[in-house]
Structure formats: structure tokens, C-alpha cells
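Student: here's a sequence, model it:
(one chain, ligands or ions: 1)
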Amino acid sequence: MNSPEIVTIDGPAGAGKSTLAREIAKRFGYLHLDSGAVYRAIGYACKLKGVNLDDEGEVLKVAGNLKVELKGSRVFLNGRDVTEAIRTPEGGILASKVARFREVREVVVNLLRKMAEGKKVVIDGRDAGSYIFPKADLKIYLTASPEERARRRFKELKEKGFNVSYEEVLKEVIERDESDRNRPFAPLTVPEGAVVIDTTGKSMEEVLEEVGKLIDP
Ligand code: C5P
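Tutor: Alright, predicted model coming up:
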């Protein structure tokens, strides 16, 4: 069997999607597309411009006029490296707000499909397998308990020097799950045909091994 052209990884915040996608890209020679990073970059740009995040028209104007580039694991906004600036707890909330809007999502989806043209890609997000690439050869849905996901995020943020409490991170994880699952357009769901992997209590190495067998049996 040939290895899949497109691998999608969906799931809630903190399930380990980005880390897994990055490792798959490295190990199997795929291009990694971090779809959340695009929503984060748009949310960040809106904040810099002082845009009201409840005003769909204003957010769409910003999204339509931005240049977002994903180069390896770096994210560029109009040529400026914003990788660290967008990966904050606030960045996640801003992203989740702009991601509610259908037309904003369409801008992002078109951009991601274009980036993937003619390439072998691994893409992580909330709707990668259900909406962006419904015909993907391999769909994975990663999940873990909210407490475990909050613990991982908390550790990661602490290591980066953020002054946050575990309770705050857990609250943010639960709120973001709510918002991502309940939005009317392209909500977070288990895509049809996806392999569901619960990563609670598993190391990234174990998960990578499991997924590696699906990519290169
Ligand atoms: O994955 P990450 O935490 O960077 O995603 C930030 C937010 O962007 C998510 O909470 C979600 O609201 C939004 N998102 C989305 N669809 C995607 C990827 C991310 O709605 N495919």
C-alpha cells in the first residue's frame, strides 16, 4: 500500500495534534500545515488593529488582506515572524473567536488547500478531515481527558515562562472545547472514517508508533 498523500489530525485543544503532526512530517517527509496557526495569526492581527471580534465584517476584512505563511514550524504574518506571539493562551481565545465566522473560515480553508496542492501533507486542526480534506487518505482524531489536556498545556506554558495557574488553563480548555464543538459552521467533530486515538496516559512516542503503522505499515 502507498503511504497516504494527505493525513488529517483533528481533536480538541491540547490533545497533542501539533506535536504529532510535526513528528509525522519529520519522520515521513510530509509538509506540516498547522491550521490553528492561521486562525491565531488572524486573531492576532485583529487585536493589533483594535478590531471588534464580534464584528464579522471587520474580521473578514482583516483576514482577506493578510499574508499568512507557514514555513516549517514558523508562522509569518505579512512577512513578520509571529510564531511565539500567537502561541499564548490569549492567542487561542482570539483564534477561537475569529474561527466562528463562516466567511473567515472560507478564506482560511482556501489558503490551506492551496498550500497543500501537489504535496504530501499532514494537517492538524478541528475540521481538517471533516471539511478541509474530506477525501483524505488517513484521518486521525486525537483526544484526551480535559484534565490531561490542561495538564499538558499548563506544563508547556510554564516552560515558556507564562504565569498561569492549572485552574485557569483547565477553564480555558473547557471553554474552547465548548466554543469549537458548538459553533454552527464546521464544528469540531469526529470526521467520518477517522481513527480515534485517546492519548490519555500515553506518551507522544507511543502515539507516534501507533500512527506510524497506519502511515507505513
Ligand atoms: O490548534 P490551536 O489551539 O492552535 O487552535 C486555535 C483555535 O483555532 C481553536 O480553538 C479553534 O477555535 C480554531 N481552529 C479551528 N479550526 C481549525 C484549527 C483551529 O476552528 N482547523
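
Student: for the rest of this, base every contact and every neighbour count on C-alpha atoms.
Tutor: Fine.

Student: please identify the helix or strand for the residue lying closest to D216 once chain neighbours are set aside.
Tutor: Closest residue to D216 apart from its sequence neighbours, by C-alpha to C-alpha, 6 or more residues apart in numbering: S3 at 5.9 Å. When secondary structure is defined using DSSP states H and E, no element contains S3, which sits outside every helix and strand.

Student: ok, S3 touching G212?
Tutor: No: proximity of S3 to G212 does not meet the contact threshold set by C-alpha atoms under 8 Å, at 10.2 Å.

Student: next helix or strand past the longest helix seen in the chain?
Tutor: Longest helix in the chain, counting residues (DSSP state H): helix 166-182. Using DSSP H and E, the next helix or strand after helix 166-182 towards the C-terminus is strand 195-198.

Student: what number of residues lie near the residue lying closest to G125 once chain neighbours are set aside?
Tutor: Counting by C-alpha to C-alpha, 6+ apart, the nearest residue to G125 once its immediate chain neighbours are dropped is D10, at 4.9 Å. Counted with other C-alpha atoms under 10 Å, residues neighbouring D10 total 28.

Student: what residues are bridge-paired with D10?
Tutor: Here D10 shows beta-bridge partners G125, Y141, assigned using DSSP bridges.

Student: contacting residues for it?
Tutor: By C-alpha atoms under 8 Å, 6 or more residues apart in numbering, the contact set of D10 is 17, 124-129, 139-142, 188, 190.

Student: contact residues of the chain facing the ligand?
Tutor: Proximity of the chain to the ligand is assessed by C-alpha under 6 Å from any ligand atom, with 13, 35-37, 39-40, 92, 95-96, 99, 125-128, 176, 180 identified as the residues in range.

Student: any stretches of this structure with poor pLDDT?
Tutor: Per-residue confidence for the chain (pLDDT under 70) gives these ranges: 1.

Student: residue ranges of each domain in it, please.
Tutor: With automatic domain parsing as the criterion, the domains of the chain are listed as 1-30+121-217, 32-119.

Student: burial count for the closest residue in space to A144 that isn't next to it in sequence?
Tutor: If the residues on either side of it in the chain are set aside, A144 comes closest to T200, at 4.7 Å by C-alpha to C-alpha, 6+ apart. T200 is surrounded by 15 other residues when neighbours are defined as other C-alpha under 10 Å.

Student: which residue ranges of the chain form strands?
Tutor: 6-10, 31-34, 68-71, 74-77, 80-81, 121-125, 138-143, 195-198 (DSSP state E).

Student: in JSON lines: these, plus distance to L60.
Tutor: Written out in JSON lines, the entries for the strands of the chain read as follows (distance: least, C-alpha to C-alpha, whole Å):
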{"stretch": "strand 6-10", "distance to L60": "24"}
{"stretch": "strand 31-34", "distance to L60": "20"}
{"stretch": "strand 68-71", "distance to L60": "14"}
{"stretch": "strand 74-77", "distance to L60": "16"}
{"stretch": "strand 80-81", "distance to L60": "20"}
{"stretch": "strand 121-125", "distance to L60": "20"}
{"stretch": "strand 138-143", "distance to L60": "29"}
{"stretch": "strand 195-198", "distance to L60": "33"}
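
Student: select, out of those strands, the one closest to L111.
Tutor: With C-alpha to C-alpha as the criterion, L111 lies closest to strand 68-71 of the strands of the chain, at 8.7 Å.

Student: remind me what the closest one packs against, helices and strands.
Tutor: If you count contacts as 3 or more C-alpha pairs under 8 Å, 6 or more residues apart in numbering; DSSP states H and E, strand 68-71 packs onto strand 74-77.

Student: kind regards, and thank you for your time.
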